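Peer 1: build me a model from this:
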Amino acid sequence: MKKRFIISGGGTGGHIFPALAIANGLKKAIPDADILFIGANGKMEMKRVPEAGYPIEGLDVYGINRSFSPKAVLSNIKLPFLLLKTLRHAKEIIRNFNPDMAIGVGGFASGPALKAANSLGVPTLLQEQNSYPGVTNKILAKDAKKICVAYDGLDKYFPADKIVMTGNPIRAEILNMKRKDDKAYECFGFSKDKKTILVVGGSLGAKTINQCMEKGLDLLDQMGVQVLWQTGELFYKTISPELLARQNERIKIVPFIKNMNDAYSMADVIVSRAGALAIAELCVVGVPTILVPFPYAAEDHQTKNAQALVDKDAAILIPDNQAESKLMNQLLALIQDETRCKTMGDNILKLAKPDAIDLIVKEILSICQD
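Peer 2: Below you'll find the predicted structure:
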């Protein structure tokens, strides 16, 4: 009998790309499996998931607004009623699809989707990317069959007997990436003879990194290095025509990079936030990296993620509030220090967990067979 799976979550690439990696892993293991995503209307999964070839249903759901504005207070008052309506909608989707299992990766939609699945007797599995779990996964953990994690110490938040150490799932195209691939350079119009800096602030962009790049772009251009800078779609809309005009054959400014495998293939140095998915991908890529953790992440977990690499001499950490004064100098020094680059690249590669997706799929299939 054909297997059917619900995968729910999203909001950022840190949730969406692991979800897609799990879907692709399931399709590899069971080619005729039916997979349906459940996301949040208005969030990026509603665009990225169909682009990857999977159907998705949207829920009208959002999180608590921590502002004290009248609009935010009204939004929070409405939230419990909206959640009840969303839960009913999620149950309707699940009844119609009749899945063998539901998988949650975190994000607004995964709460009502997996809550509905549990209430209908559908077994569930959680995939927690971070060293500090989100509220949604904490609530869902008691009813989940298994919880796949990438960091030690999560028994403080989850039942220890449900935890499975798998690492974070990485997209197959990144796992199979060829370093310094001619096709990657052709894709972006770059030269293989010049060093390339890749700057990414997560799928939504990073304000601090973007501001540093805006100020330091001329200096990088004068050095003759190539720069591929992903700004995030919101920041890109605010970029002045003057800044965009500074692009040339070595400087490319884009809102979003779909083919990250090609971007990683070219990179000699990477500047990035320190989200869990970013860390997992960077370890597989094996390129020297400067990390600027997002300072408002829960329990400051991005700094903890970054520090784990720094302790292995596998990355450089620059606090967000020091980036303006330090990032560009550190970047210029690193790109010119081939010995340091080689050491950091070798060290970060040792931390990779390329088999994470296989381990997660194994757990999913084991639950389905119970």
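Peer 1: quick check: closest non-adjacent residue to Lys27.
Peer 2: Ala33 (6.1 Å; Cβ to Cβ, 6 or more residues apart in numbering). C-beta here means a position set from N, CA and C on the backbone, and glycine is covered the same way.
Peer 1: I'd say that neighbour and Phe5 touch.
Peer 2: Yes - judged on Cβ atoms under 8 Å, Ala33 makes contact with Phe5 at a distance of 6.2 Å.
Peer 1: more crowded one of those two?
Peer 2: Phe5 (23 against 15; other Cβ atoms under 10 Å).
Peer 1: would you mind measuring from Lys47 to Gly10?
Peer 2: Computed as Cβ to Cβ, to the nearest Å, the Lys47 to Gly10 distance reads 10 Å.
Peer 1: the two: which is more packed in?
Peer 2: Higher neighbour count among Lys47 and Gly10: Gly10, with 29 against 12, using other Cβ under 10 Å.
Peer 1: look at the more buried one and report its pLDDT.
Peer 2: You'll see Gly10 listed with a pLDDT of 85.
Peer 1: Three-state assignment for it, please.
Peer 2: coil (DSSP: H, G, I helix; E, B strand; the rest coil).
Peer 1: wait, Leu327 sits on Ser272?
Peer 2: No - assessed by Cβ under 8 Å, Leu327 is found out of contact with Ser272, at 11.5 Å.
Peer 1: which neighbours do those two share?
Peer 2: Ile290, Val292 (Cβ atoms under 8 Å, 6 or more residues apart in numbering).
Peer 1: now the helices for the stretch 201-350 of the chain?
Peer 2: 207-223, 233-236, 241-244, 260-266, 276-285, 301-310, 323-336, 338-349 (DSSP state H, counting those that start in this stretch).
Peer 1: contacts only, for the nearest residue to Asp218 once chain neighbours are set aside.
Peer 2: Spatial nearest neighbour of Asp218, excluding adjacent residues (Cβ to Cβ, 6+ apart): Arg246 at 7.1 Å. With contact taken as Cβ under 8 Å, 6+ apart, Arg246 is in contact with Leu217, Asp218, Asp221.
Peer 1: which of the residues you listed are buried? Put it as a ChimeraX command.
Peer 2: Of those, the buried ones go into a single ChimeraX selection, burial set by 16 or more other Cβ atoms under 10 Å:
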select :217,221
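Peer 1: would TSV of the contacts of Arg246 with distance to Ala356 be doable?
Peer 2: What follows is the contacts of Arg246, written out as TSV (distance: Cβ to Cβ, whole Å):
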residue	distance to Ala356
Leu217	35
Asp218	40
Asp221	38
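Peer 1: looking at the contacts of Arg246, which is nearest Leu83?
Peer 2: Distance to Leu83 across those (Cβ to Cβ) is lowest for Leu217, with 44.2 Å.
Peer 1: what residues are up against the closest one?
Peer 2: Val227, Trp229, Leu243, Arg246, Ile251.
Peer 1: quick check: the farthest pair among those?
Peer 2: Taking Cβ to Cβ, no two of these sit farther apart than Val227 and Leu243, at 12.5 Å.
Peer 1: more neighbours: these two, which one.
Peer 2: More neighbours surround Val227 than the other of Val227 and Leu243, with 23 against 14 (other Cβ under 10 Å).
Peer 1: tell me the bridge partners for that one.
Peer 2: Ile197, Ile251 (DSSP bridges).
Peer 1: any idea how far it is from Gly201?
Peer 2: From Val227 to Gly201 the distance is 14 Å (Cβ to Cβ).
Peer 1: lowest-confidence helix or strand of this protein?
Peer 2: helix 70-97 (a mean of 75; mean pLDDT, DSSP states H and E).
Peer 1: which helix or strand contains Gly107?
Peer 2: Gly107 is part of no helix or strand, with elements assigned from DSSP states H and E.
Peer 1: contacting residues for it?
Peer 2: Ser8, Gly9, Gly10, Gly11, Thr12, His15, Gly39, Ala40, Lys43, Glu45, Thr136.
Peer 1: and the helices in the stretch 51-200 of the chain?
Peer 2: Using DSSP H, counting those that start in this stretch, helices in the stretch 51-200 of the chain cover 70-97, 110-119, 135-140, 172-175, 182-188.
Peer 1: all set, thanks.
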